[in-house]
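**Student:** From the sequence below, what's the structure:
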Amino acid sequence: MLWWEMMEARGEFKRVNELTQVTDSAKTAADITVAALSDSSITHIEQLESVLFASVGLVDKRSDAQLDPGTDEYYDQSLLSDTLIGKEPGRPTQHKNSAEALRVFLDGHKRAVEQVAGMTPGELDMFLFTGIDLIDYSGTVNHWANVHFYHVPLATAIERLTRMKIAVRLMQHHATEHYQITERTDSL
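**Tutor:** Numbers count the residues shown, from 1 in each chain. A predicted model of the protein is given here:
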């Protein structure tokens, strides 16, 4: 099941990505800046995905039609947690490929997009919350990194990262629409 969710998220990202990549000759500088910020965030997440695949000795073959869902590495939890969280979940590590670094990066991305689009700070939080503390599935307040990536299989982590890429594209679309509406209202 986890493997299929990972593959389904990949297909959903491809659809959302295609919808937001529509070229329009009337793009403003803000639209171009928001798209560049989003592309940078997508690249950042994809680099982390590559690191995770490499950490369990796999090559990302999600676009191959003959991908084997039975590979045990897709269900590995310990190597992934060590890479993203570290040995002590109470104090998640903060290195280049850590979940905490991803959280900080995505939070910065949201704030930059909000600023470019003239949005209220925090307006894009509805697409992807990047605050430090979340309530986990047991109802306990826990660190963002732990809620998303502690002791989850590789397939689940990749699915969650893909959903974060979808959120980045949805934020891009929302910010672009917001900016265009604001520009039209200001010109009246």
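**Student:** ok now the lengthiest helix in the chain, how far from the chain's centre?
**Tutor:** Secondary structure of the chain per DSSP state H: the longest helix is helix 154-187. From the chain centre to the centre of helix 154-187 is a distance of 10 Å (Cα atoms, centre = their mean, to the nearest Å).
**Student:** for it, packing partners?
**Tutor:** Using 3 or more Cβ pairs under 8 Å, 6 or more residues apart in numbering; DSSP states H and E, the elements in contact with helix 154-187 are helix 2-20, helix 29-55, helix 78-84, helix 99-117, helix 144-149. Any C-beta I mention is one placed from the backbone N, CA and C, and that applies to glycine too.
**Student:** run the last query once more with 7 Å
**Tutor:** Counting contacts by 3 or more Cβ pairs under 7 Å, 6 or more residues apart in numbering; DSSP states H and E, helix 154-187 packs against helix 2-20, helix 29-55, helix 99-117.
**Student:** most packed of those helices?
**Tutor:** Highest mean neighbour count of the helices and strands packed on helix 154-187: helix 99-117, a mean of 20 (counted as mean count of other Cβ atoms under 10 Å).
**Student:** Report all helices and strands that that helix contacts.
**Tutor:** Using 3+ Cβ pairs under 7 Å, 6+ apart: helix 99-117 touches helix 29-55, helix 144-149, helix 154-187.
**Student:** thinking again about what came up before, as JSON lines, the helices and strands packed on helix 154-187 with mean pLDDT and distance to Asp64 would be great.
**Tutor:** Below are the helices and strands packed on helix 154-187 laid out as JSON lines (pLDDT from 0 to 100; distance: least, Cβ to Cβ, whole Å):
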{"stretch": "helix 2-20", "mean pLDDT": "85", "distance to Asp64": "11"}
{"stretch": "helix 29-55", "mean pLDDT": "92", "distance to Asp64": "13"}
{"stretch": "helix 99-117", "mean pLDDT": "95", "distance to Asp64": "26"}
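**Student:** Kindly reformat these as CSV containing distance to Val168.
**Tutor:** Shown next, in CSV, are the helices and strands packed on helix 154-187 (distance: least, Cβ to Cβ, whole Å):
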stretch, distance to Val168
helix 2-20, 9
helix 29-55, 5
helix 99-117, 7
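**Student:** Sounds good, over and out.
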